[in-house]
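Student: Starting from these lines, generate the structure:
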Amino acid sequence: MLAINMQNKNIELANNLTLTISQAIPEDAKQIVVFLNTVGGETDFLTFGANEFPLTVPEEEEAIAQCLEKNLCLMLVGKIGDEIVSQLFLQRSGKLRISHVGDLGVTVSKKYWGNSIGNHMMRVAIEWARDNGITKIQLQVRADNVRAVQLYNKLGFTIEGTVTRALKIGNVYFDDYLMGLHLL
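Tutor: Residues are numbered from 1 along each chain as shown. The predicted model follows:
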């Protein structure tokens, strides 16, 4: 059963800030698009750069609405005050044979790195996955993104393989790890 009315989670961070994690709603679309276009320019660890997020605001509104209607995905936003500081997307296939697997992506604003925001976002997603019949979460992370790999390892993910030359920035290629977490 889809947790459409998932309760907001308020988490006190070490620096006296409160992180509120909630399901994205269509009204968040504009802020999500701005956030993702901004964080794309803050790091080379994402698959897109500054202002390269591929969806328009109406397309993002539709994606959020579809996510809320179906039992196939979860889209979370992490906010401090009214500012989105993190976004997470977890999606599974509608194909029966692979519907037990959720593909995950998460990003945190560079300004808030080191505050355990990614950890908190991931824990909410893992809980949702368990409650919604997902028995494996998988993700792809750049092999040299040491902090992210450490976080995923801490949460129980293991490296299941390497995708060579997964990302190209300029003339430099980077490998990705395929990581998985078994929930059963």
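Student: Could you pull out the buried residues of the longest helix along the chain?
Tutor: Ranked by residue count and defined by DSSP state H, the top helix of the chain is helix 117-131. Across helix 117-131, burial judged by 16 or more other CB atoms under 10 Å covers 117-118, 120-122, 124-126, 128-129. Heads up, the C-betas are built off the backbone N, CA and C, glycines and all.
Student: Any chance of TSV for those residues, columns pLDDT and distance to Arg165?
Tutor: Below are the buried residues of helix 117-131 laid out as TSV (pLDDT from 0 to 100; distance: CB to CB, whole Å):
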residue	pLDDT	distance to Arg165
Ile117	97	30
Gly118	96	26
His120	97	33
Met121	98	29
Met122	97	27
Val124	96	33
Ala125	96	28
Ile126	97	30
Trp128	95	33
Ala129	95	30
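Student: so His100 sits right up against Arg130, yeah?
Tutor: No - between His100 and Arg130 there is no contact under CB atoms under 8 Å: 11.6 Å.
Student: Number of residues surrounding Val85?
Tutor: Residues near Val85, counting by other CB atoms under 10 Å, number 24.
Student: That should have said Leu90, apologies.
Tutor: With other CB under 10 Å as criterion, Leu90 counts 25.
Student: what's the burial count for Ile64?
Tutor: 21.
Student: what do you get for Thr56?
Tutor: Using other CB under 10 Å: Thr56 sits among 12 other residues.
Student: What does it show for phi and psi?
Tutor: phi -80, psi 170 (degrees, to the nearest 10).
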